[in-house]
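A.B. asks: The following block contains a protein sequence and its predicted model.
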Amino acid sequence: MACNIISNEGAVFALWGKPNKADLERVIDRVELIASASGRPVVYITRVPQLAPPPEADVRQHLNTLMPRFVKACASYHVLLEGVGFVSALKRGILASLLQFGWRSGTFFVHENDKGVIAKVERHHRPYVESIIKMAGAQGLLTAGPPEDVPPRDNTGSRPLESRPRL
């Protein structure tokens, strides 16, 4: 799993490493679950650390196929694409312009960090967003590097035998 997901009753936050198709499915499933449980679209915030590798072409294509589901389940979608300087600003600008086409006006945003999110969220969603950002900060998800693609753990909490170091 190359992403960490947390949620509350009105928002979902994901920290990305190098995404794969299964991770994308886990995220959209959580977004849809929270939207269904709350009875309304939710705010989705995704953080992409500066050192996170880009997704492979097949994963990008899979994300494109999932976008209609995100559009339906999200009141707004926020990408925290980190980094400073011209190249990082250019990446944010390109991402924003590429993904605006599939979204209602004023629902897709790209930010340098979490500080700009609250100002772009509708007032009735703010308590959920403030809470999820606080939760993410408390769990270190606002400062952590990209998560590694680690096999899921078994019921005992240990890694499967094939991923354990050999003695």
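C.D. replies: Sure thing, it's come through. Residues are numbered from 1 along each chain as shown.
A.B. asks: Where does pLDDT dip in this structure?
C.D. replies: Residue ranges of the chain with pLDDT under 70: 1, 82-106, 149-167.
A.B. asks: Could you give the bridge partners of the residue sitting nearest the centre point of the chain?
C.D. replies: In the chain, the residue lying closest to the centroid (CA atoms, centre = their mean) is Thr46, at 2.5 Å. Taking DSSP bridges as the rule, Thr46 bridges to Ala14, Val79.
A.B. asks: Quick one: residues contacting it.
C.D. replies: Phe13, Ala14, Leu15, Trp16, Val27, Tyr77, His78, Val79, Leu80 (CB atoms under 8 Å, 6 or more residues apart in numbering). Backbone N, C-alpha and C define where each C-beta goes, glycine included.
A.B. asks: Using TSV, lay out those residues together with distance to Val117.
C.D. replies: Putting the contacts of Thr46 into TSV (distance: CB to CB, whole Å) gives the following:
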residue	distance to Val117
Phe13	10
Ala14	14
Leu15	14
Trp16	16
Val27	17
Tyr77	11
His78	5
Val79	10
Leu80	8
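A.B. asks: Narrow these to those that are buried.
C.D. replies: Phe13, Ala14, Leu15, Trp16, Val27, Tyr77, His78, Val79, Leu80 (16 or more other CB atoms under 10 Å).
A.B. asks: so which pair among those residues is furthest apart in space?
C.D. replies: Leu15 and Tyr77 (15.5 Å; CB to CB).
A.B. asks: quick one: secondary structure of the closest residue to Pro53 other than its chain neighbours?
C.D. replies: Using CB to CB, 6 or more residues apart in numbering and skipping residues adjacent in sequence, the residue nearest Pro53 is Lys18, 4.4 Å away. Following DSSP: H, G, I helix; E, B strand; the rest coil, Lys18 is assigned to coil.
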